[in-house]
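Q: mind folding the following:
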Amino acid sequence: MPKIPVKKNTVKKSKVLIGKAKPKVAKKSTKLKLSSSKNTFPTGRKITPKKPLSEKEREQREANLIANLENKKKTSTVKRPKKSSTVKQTTSLLEAIIDGMKERKAKNITTLNLNQIENRVTDYFVICDADSNTHVNSIADSVEEIVTKSTSEKAFHIEGRQNGEWILIDYINIVVHVFLRESREHYNLEGLWGDAEITHIKD
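A: From the prediction side, this is the model:
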């Protein structure tokens, strides 16, 4: 996965006023304006429409994603196993993952049902985004914790914790993607897997 540079916040030093009262600064309103437009996130921020992917670009991104999921094979003799789960077990796992995301205030939670797609790498993607690298790691920790408590399942493979921009948690039949917001917009998995049944979860 390519590293995406994150700009460091710069803090401007303010001048110290000696013997003078500090000027009053008008407080900015923290209320969010809700928008009815479809091209906005729940926070009201506009989404820039993306150009449709060409067939070649889509194939390349799919190849990269599959290589990312199968990365474990390169460093281990353990093969990614096949997993047979009942509908009830899959639903329970799906709900636990979403609960883990909501527990740490994940943003824009979305599920992609890939069951009708041939040569799929898994049955479901669950995707969300976060505002910072720390938030990304916190959401991933919460997902693991709640899934273990609720279903006793453990992830087969986890990657991306070092940079905190895109953490992938592989439960074989469900793959979790916790993104830094900018990274989610860049990889655009919803656009890549446009044939999937997409469901947006309310916060």
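
Q: and the helix of greatest length in the chain, what does it pack against?
A: In the chain, taking DSSP state H as the definition, the longest helix is helix 133-151. In terms of contacts (3 or more C-beta pairs under 8 Å, 6 or more residues apart in numbering; DSSP states H and E), helix 133-151 is packed against helix 87-103, strand 124-130, strand 166-170, strand 174-180. C-beta: built from backbone N, CA, C; applies to glycine.

Q: quick one: closest of those to residue 54.
A: strand 124-130 (22.0 Å; C-beta to C-beta).

Q: got the contact list for the closest one?
A: Applying C-beta atoms under 8 Å, 6 or more residues apart in numbering, the contact partners of strand 124-130 are 90, 94, 97-98, 101, 106-115, 136, 138-139, 173-181, 183-184, 189-190, 193, 196.

Q: just stretch 140-147 next, same as before
A: For stretch 140-147, contacts defined as C-beta under 8 Å, 6+ apart pick out 93, 96-97, 99-101, 103-104, 153, 155, 158, 161, 167, 169, 171, 176, 178.

Q: list the buried ones in it?
A: 140, 141, 142, 143, 144, 146, 147 (16 or more other C-beta atoms under 10 Å).

Q: returning to what we had before: could you check the angle strand 124-130 makes with the longest helix of the chain?
A: 140 degrees (axes from the mean of the first three to the mean of the last three C-alpha atoms, to 10 degrees).

Q: helix or strand next in line after helix 133-151, which one?
A: Downstream of helix 133-151, the first helix or strand assigned by DSSP states H and E is strand 157-159.

Q: what comes up buried for stretch 116-126?
A: In terms of neighbour count (16+ other C-beta under 10 Å), stretch 116-126 has its buried residues at 120, 121, 122, 123, 124, 125, 126.

Q: let me fix that, I meant to ask about stretch 172-185.
A: For stretch 172-185, by 16+ other C-beta under 10 Å, it's 172, 173, 174, 175, 176, 177, 178, 179, 180, 181, 183, 184.

Q: hmm, residue 99 is touching residue 150, no?
A: Yes: assessed by C-beta atoms under 8 Å, residue 99 is found in contact with residue 150 at 7.3 Å.

Q: if we can go back for a sec, what's the angle from the longest helix of the chain to strand 166-170?
A: Using the same axes, to 10 degrees: helix 133-151 against strand 166-170 is 10 degrees.

Q: tell me the mean pLDDT over helix 133-151?
A: For helix 133-151, the mean pLDDT works out to 97.

Q: rewinding a little: turn the buried ones among the contacts of stretch 140-147 into a named ChimeraX selection, would you?
A: In ChimeraX, this line selects whichever of those come out buried by 16+ other C-beta under 10 Å:
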select :93,96,97,100,101,104,153,155,158,167,169,171,176,178
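
Q: surely residue 192 touches residue 61?
A: Yes: counting by C-beta under 8 Å, residue 61 is a contact partner of residue 192 at 5.2 Å.
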